[in-house]
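Enquirer: what follows is a predicted protein model with its sequence.
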Amino acid sequence: MARYLLKRIFYMILTLLIVATVTFFLMKMMPGSPYANEEKMTAQQIRIMNEQYGLNKPIWVQYLIYIAGVFHGDFGVSFQYSNQPVSTLIGSRLGASVQLGLQALILGVILGVIIGAIAAMKQGTWVDSTATVISIIGKSVPNFVLAVLLQYYIGLKLGWFPIAGWGSFSQTILPTLALCVGPLAETARFIRTSMVDTLSSDYIELGRAKGLSRTEVIRKHALRNSMIPLVTLIGPYAVALMTGSMVIENIFNIPGIGEQFVKSILTNDYPTIMGVTMVYSIGLVIILLITDIVYSLIDPRIRLAGSED
Amino acid sequence: MEDNAKIDPSLFQMVEEDESRDREKISGPSLSFGQSVWLRFKKRKAAVISAIIIILMIVVAFGSTPIINNSTLVKSHPQYANLPAKIPGMDAINGLNGKLKQDGKWVDVYKQNNVPSNKYFWAGTDYLGRSLGQRIIYGTKISLIVALVAAFFDLTIGVVYGIVSGWKGGMVDNVMQRIIEIISSVPNLVIVVLMLVVLKPGITSIILAIAVSSWTTMARQVRAEVLSLKNEEYVLASRALGESPFKIAWKHLIPNLSSIIIIQTMYTIPTAIFFEAFLSFIGIGISAPETSLGVLLNEGQKNFQFLPYQMWYPAIVLCILMIAFNLLGDGLRDAFDPRGER
Amino acid sequence: MAERVLDVKNLKIDFHTYAGEVKAIRDVSFHLDKGETLAIVGESGSGKSVTTRSIIGLLAKNAKIVGGEIDFHGKNLLDIKEKEWQDIRGNEIAMIFQDPMTSLDPTMKIGQQIAEPLIKHKGASKKEAWAKALEMMKAVGIPNAEERINEYPHQFSGGMRQRIVIAIALICEPEILLADEPTTALDVTVQAEILDLMKDLQKRVKTSIIFITHDLGVVAGMADRVAVMYAGEFLEYGTVDDIFYNPQHPYTWGLINSMPTLESQTLESIPGTPPDLLDPPKGDPFAARNKYALKIDLEKKAPFFKVSDTHYASTWLLDPRAPKVEPPAEIQRRWAKYAKMKQTASNS
């Protein structure tokens, strides 16, 4: 276990190093200057600015400084918000994104499990078909389309929830709903398939042969066995939520990382783009590691023994 | 028992050999793999309908090329701006007769703006008076191009990578898997965004960005399958006979991989369509004056409160496209893998 | 006469499929006495598993019981409700499945899995059930039971898992144990151990066993009586000696002939495949593959001719009007042995 963890952490660091390196050099390749109003600056000013940001040093020195910084949680200084460190910028926006993501994940997974399990138990009936339709639509309708519709029809027309902003719980409801549809649809599909599979397995039959009723077998044997593999989806969910947050936060005007990311891209704020990229990657590798550990804890068959895949 | 006595004694004779032999024929025709897949696919109505819809969309989108192209689409006609849909013969249906709800009343916008009465825009117009219908058809074509090219890369990079990794095994496989692991530790979107920042936003960049980020799933699945196929006896036999790896890959691996490849491709396509729409929607993909479904949604969203049709129409087309590809993918998966029989 | 625990009469079961109604069980009757082992032998698809599943009420959804009766303590098992079934399953009638690798819940401790029927049926507390589970584990010969009770199925070998499955089946001391090819998935050496264990436990628990197998070789040491099943029908049944040394139906001959023995030089096989049960033949189902088929076999299935008090066979060859046929050499050898056995029995 310890050896496995060390190995994993080594690969995590390697991955992050590669991501940092690639983004660094990509950003360096970018044409144009980091300063928003360069035309108006004198050569003298540019020199002073370059010195201040360390841009006059050879590129490999800049690289080393950047990498060293990344390991300290220092992503440099934003070009757009003068002198504000990227880490502060991201830090102030992390909370909203994490809260939104978690709410959407929890709601989506819970509803998805319920829908998927019911569909599997009522396999082949209209209930099953309805669940399938729900999950296909949830998978197919882009969340930003749904977000706009929710915002307009439920927020504006019906006035049930605030249409935008961040701060109160009621403001989180519409974006959570828009964002949870993806995980919901995916979970429902996954649980249905996995449950149908489990229900036809021999140990379910043995459970019935023990005299357990259908509901007892599902409760004691089928549900857990079909839910365990769901853990493997947490990584993809995290990615989907990160992606989703970019557009959902924009539509609902939420001060989160996704919104910042889009803004930075549109304004060529390279340090912030790199910073957010790193935060996303760090988040994902940590989530993937936790997923693996959790999986090994809840499924007795999985042991984090080695690298054999 | 009594009636046993009445049995014709002549029946108590041995059956001639040939008489018994011809009863040994196999009952029922046996089906080839392809035939049985087709039979199972045909039974899934949703998938068949989806396939028809997709074919229709492809025909319309690409067939429109001589009529609808970029140069006709960039021309603005301010006199026709923001007209709702008007379809001949639909006079009775509000929303399709040139009328728009303004302040709770249905107003004939065509009359209001003095549009000639013989002018019809089947899906209305946008803020520059361009036909929304034409733009949607063109946008669909862009979405389909993005999707098909992304699928092509998926097929080439993903499949080749997977086959090589699985076939070579050992060190090569290990390194190749680590590379995939690293790539998939970065959210796809981040890769796409970084590439879009570096390259100039546009169709080519989007396609390239999606291609770079989407092949890993295919590669993983193909590798896993190759690993197990490698030890199948017929593959071992051809290896023992000294057939070249290329020939083995072509003759034995690809046919057996076909089902995973087809299914995975069917899932790559909607993802690619989504990505294009998503990026264009937030303004970092294709942008005006170019047209794509994402661009149309972006423009439509701005006026959604007053001119909801400008978002609804492209949204509906996009959703139909996504649903159709997803259902087709599901149908193919079930057709190839009868275990998942519903 | 021995006490009867189960009486199956004229059982007929169809399966509804896309292609039509598959007549899986076509008029099967047999009975089971207390403490005995009845082996049902047949090729795959002969309907032996379907028969046992109907006895424990676990037929597939598309199965339809067309007729017959399964009498168990005066109750017709074909009529009872799901609630009653739940009291019978695992309690009075238990079942062992073919593949021990897949018949245990991979995420539940085996102790819990063994204890489950006891908690369900006998209202045992968790603690009592756990203690009994431990006792059962020892009884089925699992070493270090105290430690291993907390382990998960993947930590056990196939043979050990089948022992656990047996422990689950026997923990409530059922009257009837249905064993559906319990050793087929196991190594030959382990097979013998499991069979011995079953025999041993049968004596202790005094249960009756219906033992399903396609392997006649397994039957010899295990069963008291044997029924030969083919294409949804019984062709011959009798005691082990009757079937092994005095077989009458050509299909039984074929089965015995295809069984490796110390004396046999070559292995015979039965040519052809079983008939399509979507449209079963009207006569003897084996006629098409039968070297010894009579014309009447193609027209009408033979009634069960009585060979002895315990031995019945459904073949027209036993009709007085039938021509004398020469069975395979191996069968003739066995017949001779049987005659000798009879003689010594009557002499002593």
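Expert: It's in. Numbering: from 1, shown residues only, chains lettered A, B, ... in the order given.

Enquirer: and the nearest residue to C:P271 once chain neighbours are set aside, how far from chain A?
Expert: Take C:P271 and drop its neighbours on the chain: the residue closest to it by Cβ to Cβ, 6 or more residues apart in numbering or on different chains is C:R289, 6.1 Å away. Heads up, the C-betas are built off the backbone N, CA and C, glycines and all. Look at C:R289 and chain A: by Cβ to the nearest Cβ, to the nearest Å, they are 32 Å apart.

Enquirer: and for C:E233?
Expert: 26 Å.

Enquirer: ok, the residue nearest to C:P271 touching C:P281?
Expert: No - using Cβ atoms under 8 Å, C:R289 makes no contact with C:P281, being 10.7 Å away.

Enquirer: by mean pLDDT, flag the weakest helix or strand of chain C.
Expert: helix C:295-299 (a mean of 78; mean pLDDT, DSSP states H and E).

Enquirer: that one packs against which elements?
Expert: On a contact count with 3 or more Cβ pairs under 8 Å, 6 or more residues apart in numbering or on different chains; DSSP states H and E, helix C:295-299 meets no helix or strand.

Enquirer: what's next to that helix, contact-wise?
Expert: B:7, B:10-15, C:281-284, C:286-287, C:290, C:302, C:316 (Cβ atoms under 8 Å, 6 or more residues apart in numbering or on different chains).

Enquirer: which one of those residues is nearest chain A?
Expert: C:F286 (30.8 Å; Cβ to the nearest Cβ).

Enquirer: nearest residue to the closest one in space, please, no chain neighbours.
Expert: Excluding the flanking residues, the one nearest C:F286 by Cβ to Cβ, 6+ apart is C:Y251, at 4.6 Å.

Enquirer: which strand or helix spans the one you found?
Expert: helix C:250-257 (DSSP states H and E).

Enquirer: output that helix as CSV, nothing but the C-alphas.
Expert: C-alpha atoms of helix C:250-257 as CSV (Å, rounded to 0.1, in the frame of the first residue of the first chain):
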residue,chain,number,x,y,z
PRO,C,250,-29.8,-47.0,-26.1
TYR,C,251,-29.1,-43.5,-24.9
THR,C,252,-28.0,-44.9,-21.5
TRP,C,253,-25.8,-47.3,-23.4
GLY,C,254,-24.3,-44.3,-25.3
LEU,C,255,-23.7,-42.5,-22.0
ILE,C,256,-22.0,-45.5,-20.4
ASN,C,257,-20.0,-46.1,-23.5
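
Enquirer: average pLDDT for that helix?
Expert: Averaged across helix C:250-257, the pLDDT comes to 85.

Enquirer: distance between that helix and the chain's centre?
Expert: Remark: helix C:250-257 is offset 18 Å from the chain centroid, using Cα atoms, centre = their mean, to the nearest Å.

Enquirer: got a list of contacts for it?
Expert: The contact list for helix C:250-257, computed with Cβ under 8 Å, 6+ apart, reads C:41, C:216, C:228, C:230, C:235-236, C:243-244, C:247, C:268, C:270, C:286, C:289-293, C:313, C:315, C:317, C:327-328, C:330-331, C:334.

Enquirer: what do you get for stretch B:174-182?
Expert: Counting by Cβ under 8 Å, 6+ apart, A:11, A:14-15, A:18-19, A:309, B:161, B:164-165, B:168, B:216, B:219-220, B:223 sit against stretch B:174-182.

Enquirer: let's see it at 7 Å
Expert: Here stretch B:174-182 makes contact (Cβ atoms under 7 Å, 6 or more residues apart in numbering or on different chains) with A:Y11, A:T15, A:I18, A:D309, B:Y161, B:S165, B:T216, B:A219, B:R220.

Enquirer: chain A: strands as residue ranges?
Expert: Counting by DSSP state E, one finds no strands in chain A.

Enquirer: for stretch B:228-241, which positions count as buried?
Expert: B:L229, B:K230, B:V235, B:S238 (16 or more other Cβ atoms under 10 Å in any protein chain shown).

Enquirer: would you list the buried entries among the contacts of helix C:295-299?
Expert: The buried subset of the contacts of helix C:295-299 - by 16+ other Cβ under 10 Å - is B:L11, B:F12, B:M14, B:V15, C:P281, C:G283, C:D284, C:F286, C:A287, C:N290, C:A302, C:W316.

Enquirer: list the contacts of the third one.
Expert: When you say that, I think you mean B:M14. C:L294, C:P323.

Enquirer: what parts of chain A come near chain B?
Expert: By the rule Cβ under 7 Å from any Cβ of the partner chain, the part of chain A lying against chain B is A:11, A:15, A:18-19, A:23, A:26, A:29-30, A:124, A:136-137, A:139-142, A:144-145, A:148, A:152, A:239, A:242-243, A:246-247, A:250, A:262, A:265-266, A:273, A:277, A:280-281, A:284-285, A:288, A:309.

Enquirer: could I get the phi/psi values of C:V219?
Expert: phi -70, psi -40 (degrees, to the nearest 10).

Enquirer: that one and C:I212 touch, don't they?
Expert: No - taking contacts as Cβ atoms under 7 Å, C:V219 lies outside contact range of C:I212: 10.3 Å.

Enquirer: number of nearby residues for residue 299?
Expert: Went with chain A since none was named. By other Cβ atoms under 10 Å in any protein chain shown, the residues close to A:D299 number 18.

Enquirer: sorry, should have said chain B
Expert: If we define neighbours as other Cβ under 10 Å, then B:E299 has 21 of them.

Enquirer: how far does the least confident helix or strand of chain C sit from its chain's centre?
Expert: How far helix C:295-299 lies from its chain's middle: 29 Å, per Cα atoms, centre = their mean.

Enquirer: contacts for whichever helix or strand comes after that helix, please.
Expert: Counting by DSSP H and E, the element after helix C:295-299 in chain order, helix or strand, is strand C:305-306. Defining contact as Cβ under 7 Å, 6+ apart, one finds that strand C:305-306 is touched by C:Y312, C:A313, C:L318.

Enquirer: ok, the nearest residue to the first one once chain neighbours are set aside - contacts?
Expert: Once flanking residues are discounted, C:Y312 sits nearest to C:F304: 4.1 Å by Cβ to Cβ, 6+ apart. If you count contacts by Cβ under 7 Å, 6+ apart, C:F304 has them with C:Y312, C:A313, C:S314.

Enquirer: most proximal residue of chain B with respect to chain A?
Expert: In chain B, the residue that lies nearest chain A is B:M322 (3.7 Å; Cβ to the nearest Cβ).

Enquirer: give me the nearest residue to that residue, chain neighbours excluded.
Expert: According to Cβ to Cβ, 6+ apart, the nearest residue to B:M322 is A:S140 (3.7 Å).

Enquirer: next, C:V228: secondary structure please.
Expert: strand (DSSP: H, G, I helix; E, B strand; the rest coil).

Enquirer: ok, it touching C:A39?
Expert: No - with contacts counted by Cβ under 7 Å, C:V228 stays clear of C:A39, the gap being 9.4 Å.

Enquirer: thinking again about what came up before, return the closest of the contacts of strand C:305-306 with respect to chain B.
Expert: C:L318 (11.3 Å).

Enquirer: return the residues in contact with that closest one.
Expert: C:Q248, C:F305.

Enquirer: if we use 10 Å, what do you get?
Expert: With contact taken as Cβ atoms under 10 Å, 6 or more residues apart in numbering or on different chains, C:L318 is in contact with C:Q248, C:H249, C:A302, C:P303, C:F304, C:F305, C:K306, C:V307, C:Y312.
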